[in-house]
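Engineer: fold the following.
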Amino acid sequence: MAQNTITGIAFRCQAADGYGLGGFAWRHEEPSLTPRPVIIINAATSVRCQYYWRFADYLFGHGADVLIYDYRGIGTSAPPNLRRLTAGWLTWGECDFEAILQYALLQFPGQPIRVVGHSVGGVLIGLAPSNTSIDRALTMGAQHAYWPDYLACVRWRMWAKWHVLMPAITRVMGYFPGKRLGWLEDTPAGVVQDWGANKRGLLTPTDNRVAPACWHQRFVMPCKGALLHSKPVSWRSA
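Structural biologist: Numbering: from 1, shown residues only. Sure thing, here's the model as predicted:
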C-alpha cells in the first residue's frame, strides 16, 4: 500500500479497571533503519480525537507512527449512558493515558514513545504511572482551567461560562450536553466538576484528592519553551 493512502486504523484497548477505550493508529509497514518514534496525541478536554486527524496524518507523513484516542466518556470511548459514568481528570491520566502508554509499549516494542499534549492533555502526562517510558513530550497550552490564568479581558466571561453555567447545566442533566449547545463534546459530570471547581494545585473534587505529585516528579527531562505569535518563534530555555 502506498504511504499516502494509509490513514488511521481503528483500535480498542482496555484500561486497568476494564474500561474500553477507542482510538486510531497510523503505522508504517516498511522497516526503518533507525528507531521510528511512535507519537501519542493527548487531546484537550472534551475534544474528540478525530480533531487531530490531519496532524496525525502530517506526523505519519514525516516518518512517525501515531496514536490518537478518546478519553472515557468522549467520542469512541463514550458509554451508551453518560449519566452513569464516574470519571474525572485523574481517571483520564492515571487510567486512560496510562492504558495508551501500555498499548504503545506492547504494540510498538523498542520504538521511542513521544507525546503531544494539548491543554489538559499536557497535564495528564504527569499522571500516568508509566510516564518514565516517554522519550520526549511537547505540550501546547497545557493547563487545567485555573481561572485566574485566563486572559484578563475575557476572564470574567470565561469564568461565568465554564465555572458557573456549565456546572449548573451539568447538575440538572447529569452530564454536560456540549454537542447540543455547540460548545464541545458531551462531557462526564466528573470532568465538568473538576474543570469548574479547580484550583491552582489541580484539586479534583471528583476523586476528592490532589493529583499525585510523585508521578509528576518522576517525569523529568530537558525542556524548551516556545512563544508562538505571528512573528518568528522565540526559543527560551526552561
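Engineer: number of residues surrounding residue 138?
Structural biologist: 16 (other C-beta atoms under 10 Å). Quick note: C-beta positions are derived from backbone N, CA and C, even for glycine.
Engineer: so it sits right up against residue 115, yeah?
Structural biologist: Yes: here residue 138 lies in contact with residue 115, judged by C-beta atoms under 8 Å, at a distance of 7.4 Å.
Engineer: if I look at residue 94, how far off is residue 40?
Structural biologist: 15 Å (C-beta to C-beta, to the nearest Å).
Engineer: just the residues contacting stretch 90-103, thanks.
Structural biologist: 11, 13-17, 19, 21, 23, 40, 42, 67, 69, 71-72, 77, 113, 120, 123-131, 133-134, 190-191, 194, 204, 206-207, 209, 211-212 (C-beta atoms under 8 Å, 6 or more residues apart in numbering).
Engineer: quick check on these: which are buried?
Structural biologist: Among the contacts of stretch 90-103, those buried by neighbour count (16 or more other C-beta atoms under 10 Å) are 11, 13, 15, 19, 21, 23, 40, 42, 67, 69, 71-72, 77, 113, 120, 123-131, 134, 190-191, 194, 204, 206-207, 211-212.
Engineer: cross those against strands and list the overlap.
Structural biologist: 11, 13, 21, 23, 40, 42, 67, 69, 113, 134, 204 (DSSP state E).
Engineer: okay if I get those residues as a markdown table plus pLDDT?
Structural biologist: Output for those, formatted as a markdown table (pLDDT from 0 to 100):
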| residue | pLDDT |
| --- | --- |
| 11 | 98 |
| 13 | 97 |
| 21 | 98 |
| 23 | 98 |
| 40 | 98 |
| 42 | 98 |
| 67 | 98 |
| 69 | 98 |
| 113 | 98 |
| 134 | 96 |
| 204 | 54 |
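Engineer: using TSV, lay out those residues together with distance to residue 61.
Structural biologist: Below are those laid out as TSV (distance: C-beta to C-beta, whole Å):
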residue	distance to residue 61
11	20
13	25
21	25
23	19
40	17
42	21
67	16
69	20
113	19
134	23
204	37
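Engineer: those: which two are farthest apart?
Structural biologist: Farthest apart among these by C-beta to C-beta are 11 and 204. That separation is 28.0 Å.
Engineer: OK, contacts around residue 55?
Structural biologist: 41, 116.
Engineer: in which helix or strand does it reside?
Structural biologist: helix 53-61 (DSSP states H and E).
Engineer: if you count neighbours, what's buried in that helix?
Structural biologist: 53, 56-57, 59-60.
Engineer: please apply the same query to stretch 136-155.
Structural biologist: 137-139, 142, 144-145, 150.
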